[in-house]
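Chemist: need a structure here:
(chains A and B)
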2 protein chains.
Amino acid sequence: MIVGILGGGQLARMMALAGHPLGIKVIFLDPSDEACSKEVATGIQGDYTDEKQLTRLADQCDVITYEFENVPQQSVDFLSRLTRVHPGSKALATAQDRLHEKNMFQKLGIPTAQFAAIDSLEQLEQAINTIGLPAVLKTRRLGYDGKGQAVLRDPGDAKAAWQSIGQSPAILEAFVKFDREISIIATRSANGETAYYPLTENVHVDGILHTSKALSACPVQPKAEALSETLMTELNYVGVIALELFQQGDKLIANEFAPRVHNSGHWTMEGAYTGQFENHLRAVCDLPLGDSHAVGPSAMVNLVGAIPDIAAILAIPGCHLHLYDKAPRSGRKIGHINICAPDDNILSQRIEQITLLLP
Amino acid sequence: MIVGILGGGQLARMMALAGHPLGIKVIFLDPSDEACSKEVATGIQGDYTDEKQLTRLADQCDVITYEFENVPQQSVDFLSRLTRVHPGSKALATAQDRLHEKNMFQKLGIPTAQFAAIDSLEQLEQAINTIGLPAVLKTRRLGYDGKGQAVLRDPGDAKAAWQSIGQSPAILEAFVKFDREISIIATRSANGETAYYPLTENVHVDGILHTSKALSACPVQPKAEALSETLMTELNYVGVIALELFQQGDKLIANEFAPRVHNSGHWTMEGAYTGQFENHLRAVCDLPLGDSHAVGPSAMVNLVGAIPDIAAILAIPGCHLHLYDKAPRSGRKIGHINICAPDDNILSQRIEQITLLLP
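Modeler: Next comes the predicted model:
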């Protein structure tokens, strides 16, 4: 089985590494000649819109997937006429546009923050009146890791915020008072089989995910699974999906979804019986899904910008280092550490030890 | 860090896969242009005795190791003059010769079956008188997976046995009545740090390992660790070592050791906090050793000769498929399945389910 991936970054790399033991080979398409998957998979260098290279990819692969949601929708549509592409175009198109995404959540009865579409400064000023402040202005398209966002605390912030996001089509979202940010990683096959991972609690620093921790027997787990199932059914979804949520007591408010393997699911590589990368491959290859239960207490810490002292990290028991073969650069995700432990106390101690070692 | 490996088979492949997340790259030397590591590591094609290619390997690597004990000792000696090689030449030389190996066990007080050196049919006939029958005649060198061995049950078998092993220098070993075959996988770093995995119970079929099962809190675990430690200290050992043992009640009798990662340690990939492939790399790269405790009940089933129905295997929860990218051929190890389970009963059920699916 050969799986094509649009994008050759760390998510493609970890899919390729998960594929080898299963006899699944990966060919990725990436504009860069330095894609970090190059040591573990075959690469095709080319733009995502280059129909010649897309055709070459389709010719060589049994099925195609993607590692990020900003791949052009027309490329996925083009590929879909040549071969199977999972997740499908509808999931991609919805995830690419915050307004479409929020409208779909609303239509499906998935709770969201109050929001309004913004196409001009006037609309922004009106929306501030309706929604109230503080609120967040987010570009509809191409936002990630906190980019393309501006927080408004005072009506006077409107103009500067509108300019800071480049006057792009946007939405204004009410601030959500939440107890914590959580996410659910789920998988669905073409035949409708589903598998849900335990909810993950996520802590962001400067808009970038810092730490994820798997939650054992969280009371809102069934509710999160139900929301995710509703979404996957609507999208006729195939593959791994991440649904980011805010938790307020026993209430869940959807923030956004990602139609792909997700940073908040990296802990599953060693923390669950089957990791998200393997389960995504199983789903898109029409193989039975793997057991998504947690093996034990588990968490993840991202490595952003710089590599810490590797020997010191590896000296902490239960640590699994995952480097992405990327040159360190400020704000760049270059790896992560998964931590397993026999109990929650030891897990917390180990997370603390790692945090102290981060540069 | 770049690690050179003599041999590009499945053990090198699994080391390469374990290395990528750690930022450790593998370059392997193999005479074949179809070495199964080729998709996951850089290969140099050449004979193990080709000094030009050995030099090329040494020039590109920080440290060199090997994936099988039949690599020529003079190649390791040659490399040792150019760079670090782990495990060292003494371990290799001893493991290559059953007589030297047994003599070393004896010298170190590690119990063995009664044995005698055999260089002629006359010596064999004499040894039968001393040792008694049944007994096993084994070539001193180049035996593996039951090859180069003949069982003698009657004094009249001597001539045929001697001819069947090609009249090569050999040892005659008394049959050991054992309760079970077990092995201990251990790791030692250059600084003397050690890590021991839980003992593994091994079942062989037609001389080839069929199933391994990790033993939880086995009463002879401390004794096995002590034997392994004695051996590693004597050899000033660096890397993973496997010591195969026969268990008779609370007695342990050493069979042989392998100076490398070992088939009976494959379960550690998902069954232990740190797998043997990663720990071997950590040891030879002078990094701290990883936690060798079992995550939970765990076992391994080898795939020999043919690939079973993959979808049926993957439908069993807790199964981890490891294919080696090798063409199926009778008697050839082409992959294995690791099985994890929340308790021993479920583990046994899953092993049984898998066994029923084997071709």
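Chemist: Spit out the contact partners of the nearest residue to A:Lys90 once chain neighbours are set aside.
Modeler: Closest residue in space to A:Lys90, ignoring its immediate chain neighbours: A:Leu235 at 5.6 Å, by Cβ to Cβ, 6 or more residues apart in numbering or on different chains. The C-beta positions use only the backbone N, C-alpha and C, and glycine is treated the same way. By Cβ atoms under 8 Å, 6 or more residues apart in numbering or on different chains, the residues touching A:Leu235 are A:87-88, A:90-91, A:94, A:259.
Chemist: Output the residues you listed in JSON lines; the columns should cover secondary structure, neighbour count and pLDDT.
Modeler: Output for the contacts of A:Leu235, formatted as JSON lines (DSSP: H, G, I helix; E, B strand; the rest coil; neighbours: other Cβ atoms under 10 Å in any protein chain shown; pLDDT from 0 to 100):
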{"residue": "A:Pro87", "secondary structure": "coil", "neighbour count": "26", "pLDDT": "98"}
{"residue": "A:Gly88", "secondary structure": "coil", "neighbour count": "18", "pLDDT": "96"}
{"residue": "A:Lys90", "secondary structure": "helix", "neighbour count": "17", "pLDDT": "96"}
{"residue": "A:Ala91", "secondary structure": "helix", "neighbour count": "25", "pLDDT": "97"}
{"residue": "A:Thr94", "secondary structure": "helix", "neighbour count": "22", "pLDDT": "97"}
{"residue": "A:Pro259", "secondary structure": "coil", "neighbour count": "27", "pLDDT": "98"}
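Chemist: any chance of those in CSV, with distance to B:Asp250 too?
Modeler: Formatted as CSV, these follow (distance: Cβ to Cβ, whole Å):
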residue, distance to B:Asp250
A:Pro87, 57
A:Gly88, 61
A:Lys90, 65
A:Ala91, 60
A:Thr94, 65
A:Pro259, 58
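Chemist: Which of these sits closest to B:Pro317?
Modeler: A:Pro87 (24.4 Å; Cβ to Cβ).
Chemist: so what's the closest residue to A:Asp179 other than its chain neighbours up against?
Modeler: Distances taken as Cβ to Cβ, 6+ apart place A:Gln247 nearest to A:Asp179, at 5.2 Å, with adjacent residues excluded. The neighbourhood of A:Gln247, defined by Cβ under 8 Å, 6+ apart, consists of A:178-182, A:220, A:253.
Chemist: now the helix or strand where A:Leu79 lies: mean pLDDT?
Modeler: Element membership of A:Leu79 [criterion: DSSP states H and E] is helix A:73-80. Helix A:73-80 comes out with an average pLDDT of 97.
Chemist: outside of the next helix or strand after that helix, which residues touch it?
Modeler: Later in the chain than helix A:73-80, the nearest helix or strand by DSSP H and E is strand A:84-85. With contact meaning Cβ under 8 Å, 6+ apart, strand A:84-85 is reached by A:62-65, A:76, A:79, A:284.
Chemist: What I need now is those residues written out in a markdown table, including secondary structure, distance to B:Pro111 and neighbour count for each item.
Modeler: Compiled in a markdown table, the contacts of strand A:84-85 are given as follows (DSSP: H, G, I helix; E, B strand; the rest coil; distance: Cβ to Cβ, whole Å; neighbours: other Cβ atoms under 10 Å in any protein chain shown):
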| residue | secondary structure | distance to B:Pro111 | neighbour count |
| --- | --- | --- | --- |
| A:Asp62 | coil | 54 | 16 |
| A:Val63 | strand | 56 | 22 |
| A:Ile64 | strand | 59 | 26 |
| A:Thr65 | strand | 55 | 30 |
| A:Val76 | helix | 65 | 23 |
| A:Leu79 | helix | 64 | 25 |
| A:Val284 | helix | 53 | 28 |
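Chemist: Quickly check those residues for the two that are furthest apart.
Modeler: Farthest pair in the contacts of strand A:84-85, by Cβ to Cβ: A:Asp62 and A:Val76, 16.4 Å.
Chemist: sorry, back to before: quick check: phi and psi at the residue nearest to A:Asp179.
Modeler: phi -110, psi 130 (degrees, to the nearest 10).
Chemist: Quick check: beta-bridge partners of it?
Modeler: With DSSP bridges applied, A:Gln247 shows beta-bridge pairing to A:Arg180, A:Leu252.
Chemist: any idea how far it lies from chain B?
Modeler: 28 Å (Cβ to the nearest Cβ, to the nearest Å).
Chemist: And for A:Tyr196?
Modeler: With Cβ to the nearest Cβ as the criterion, A:Tyr196 and chain B are 14 Å apart.
Chemist: So A:Gly290 is in contact with A:His280, correct?
Modeler: No: contact criterion Cβ atoms under 8 Å: A:Gly290 and A:His280 do not qualify, at 10.4 Å.
Chemist: Please enumerate the helices of chain A.
Modeler: A:10-19, A:51-60, A:73-80, A:89-95, A:98-107, A:121-131, A:158-164, A:221-235, A:268-271, A:276-284, A:310-314, A:344-357 (DSSP state H).
Chemist: Just send those helices back as TSV, with distance to A:Met300 too.
Modeler: Listed next are these as TSV, based on distance: least, Cβ to Cβ, whole Å:
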stretch	distance to A:Met300
helix A:10-19	12
helix A:51-60	31
helix A:73-80	29
helix A:89-95	22
helix A:98-107	25
helix A:121-131	34
helix A:158-164	31
helix A:221-235	18
helix A:268-271	8
helix A:276-284	11
helix A:310-314	13
helix A:344-357	9
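Chemist: who's in contact with A:Val301?
Modeler: Per Cβ under 8 Å, 6+ apart, neighbours of A:Val301: A:210-211, A:336-337, A:339, A:351, A:354-355, A:358.
Chemist: Up against chain B, what does chain A have?
Modeler: A:13, A:17, A:20-23, A:25, A:39-40, A:270, A:273-274, A:282, A:287-288, A:290-291, A:295-296, A:307, A:310-311, A:314-315, A:317-323, A:325, A:340 (Cβ under 8 Å from any Cβ of the partner chain).
Chemist: which residues does the closest residue to A:Phe78 other than its chain neighbours contact?
Modeler: Leaving aside its sequence neighbours, A:Phe78 sits nearest to A:Leu54 (Cβ to Cβ, 6+ apart; 5.7 Å). Going by Cβ under 8 Å, 6+ apart, A:Leu54 touches A:29, A:46, A:48, A:75, A:78-79, A:82.
Chemist: Now flag whichever of those is closest to chain B.
Modeler: Closest to chain B out of those is A:Leu29 (18.1 Å), distances taken as Cβ to the nearest Cβ.
Chemist: For the spatially most central residue of chain A, which residues are in contact?
Modeler: Nearest residue to the geometric centre of chain A (Cα atoms, centre = their mean): A:His262, 3.2 Å. Counting by Cβ under 8 Å, 6+ apart, A:His262 makes contact with A:183, A:185, A:240, A:242, A:276.
Chemist: next one: A:Trp162
Modeler: A:Trp162 makes contact with A:118, A:121, A:124, A:137, according to Cβ under 8 Å, 6+ apart.
Chemist: what do you get if the cut-off is 6 Å, keeping everything else the same?
Modeler: A:121, A:124 (Cβ atoms under 6 Å, 6 or more residues apart in numbering or on different chains).
Chemist: mind checking how far A:Gly192 is from A:Val238?
Modeler: Going from A:Gly192 to A:Val238 by Cβ to Cβ, to the nearest Å gives 10 Å.
Chemist: Looking at these two, which is more packed in?
Modeler: A direct count of neighbours by other Cβ atoms under 10 Å in any protein chain shown for A:Gly192 and A:Val238 places A:Val238 higher, at 26 against 11.
Chemist: In contact with that one, which residues are there?
Modeler: A:86-87, A:190, A:283.
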